[in-house]
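Q: Just need the structure, nothing else, for what follows:
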Amino acid sequence: MSPDPPEATDIPSASTPATSFEPPAGQSQSEVAQLSVTTRSPELHTKWTATITTNAFLRSTASPTILATQSTAPNKTSPSEVQEQPSVLDVGEKDLPKFYSRGNSNSLFVMIISIFTIMVVLVIVVVVFHRYRQKNNRTEFRRLQDLPMIGWYNAVLDPPFHLPYPEDALAFVVLSVPSMFERTFIPFLREHKLQELRDPIDQCVAHQISLAQQSFPSDRIDVIYDYELHPNRRPKALMQTAAHVSGATYYYQRSDVLQDPWGDKKMFGVCIHPRFGGWFAIRAVLVFSDVRAPSLEQLLPIDCIPSREDRIQLLEDFNLRWRDGKYRDVLPPEERYSAEQILYFATPPAERFKLLEEWGVLHQPPLG
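A: Model (predicted):
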């Protein structure tokens, strides 16, 4: 990095004849050379001393920066005796090339510096504005590095949606991935008799979570399922927000699209998993209400859809064409739902028992 140019005092006004300088051949423009320049002006009877500085930022031009300071010593030469002389460069070596036109060079230098300054200011404004919008859209998710999940969750929501637990209580989000259907759900159907008035997937998830609870007999574990509601029909937990603050998935919302094109139209958000895209489901939140984790570090979710255009496409596919499942393939997933699983979820809930019977996967009680 080039050192800062020497400070100048008493810079002459625009009416003062300006002087420009061509650096010697072979001299690096990243170096700073301070040269004493003496010139006499017959009009002002004044001696000027210029500090000549080359600057790495001006490598595209041949002219170095010249900062002139007025000498305090008056010019004692009589006006009648003064003849305009070429400038003398006191460099201790050979003379440098002659000066160019004074006024034009100084004006060009001022113009270059002005353009450069404006460009720098514009870049700074754009960067600051972009970061402000990002922070404004995601402040709630990016500033909570000192709270465990309950604190992270409550801090981004209005009080009516807060979970009634201590801020430093430990909690987990439960997701189901594509292979759950064949590896967990189908075996569960074969081994357990279903309650006909309850969704089969919900029964399977509840069974698996109960097994997990048995592994922690001394801990109190409260379970909040994705379908549970308060008496006023408000969800007991906002699953997509919980999945985001836990770092499991990224919750893409309208606020993630700068200058969105939807006007007054309501657009719902959707979570995307960095490995499975949209081929997953959020099933529950587990709260270890007696376990405190005040120093737990938050892992931010992976932003796997950074493009504005892709975010617009994702939200439109989810809100306007969710039945075709195209939004799930917003990124190449490691694993998708099988054809049977897609058919199962595409079947109306009231007809799913019949479908399972046709597949022959329901539990059959022993004969006799």
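Q: From here on, just use CA atoms for contacts and neighbour counts.
A: OK.
Q: So which residues of this protein form helices?
A: All helices of the chain, identified by DSSP state H, fall at 102-142, 149-155, 180, 186-191, 200-214, 239-245, 308-320, 339-346, 352-359.
Q: Which of those sits closest to residue 252?
A: Nearest to residue 252, of all the helices of the chain, is helix 308-320, at 7.5 Å by C-alpha to C-alpha.
Q: Flag every buried residue along that closest one.
A: 311, 312, 314, 315, 316, 317, 318, 319 (16 or more other C-alpha atoms under 10 Å).
Q: residues contacting the residue nearest to residue 246 when sequence neighbours are not counted?
A: Spatially, and ignoring its direct neighbours in sequence, residue 246 is nearest to residue 149 (6.3 Å; C-alpha to C-alpha, 6 or more residues apart in numbering). Residue 149 makes contacts with 167, 168, 169, 170, 171, 172, 245, 246, 298, as judged by C-alpha atoms under 8 Å, 6 or more residues apart in numbering.
Q: ok, and the most crowded of those residues?
A: residue 245 (29 neighbours; other C-alpha atoms under 10 Å).
Q: That one reaches residue 153, doesn't it?
A: Yes - assessed by C-alpha atoms under 8 Å, residue 245 is found in contact with residue 153 at 6.3 Å.
Q: shared neighbours of those two, which are they?
A: With C-alpha under 8 Å, 6+ apart, residue 245 and residue 153 have no common neighbours.
Q: how's this structure carved up into domains?
A: 1-143, 153-359 (automatic domain parsing).
Q: roughly how far apart are residue 301 and residue 243?
A: 9 Å (C-alpha to C-alpha, to the nearest Å).
Q: who has more neighbours, these two?
A: Higher neighbour count among residue 301 and residue 243: residue 243, with 26 against 20, using other C-alpha under 10 Å.
Q: Spit out the contact partners of residue 310.
A: residue 330.
Q: Out of the contacts of residue 149, list just those in strands.
A: 169, 170, 171, 172 (DSSP state E).
Q: Low-confidence regions, the protein specifically.
A: Segments of the chain classed as low confidence (criterion: pLDDT under 70) are 1-106, 123, 125-148, 367-368.
Q: do that again at 50, thanks
A: 1-24, 26-101, 130, 132-147 (pLDDT under 50).
Q: can you list residues touching both of residue 301 and residue 243?
A: 249, 250.
Q: returning to what we had before: dump the ones in strands among the contacts of residue 149 into a markdown table; add distance to residue 212 as well.
A: Converted to a markdown table, the ones in strands among the contacts of residue 149 look like this (distance: C-alpha to C-alpha, whole Å):
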| residue | distance to residue 212 |
| --- | --- |
| 169 | 18 |
| 170 | 15 |
| 171 | 14 |
| 172 | 12 |
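Q: Report the two of those residues separated the most.
A: Farthest pair in the ones in strands among the contacts of residue 149, by C-alpha to C-alpha: 169 and 172, 10.3 Å.
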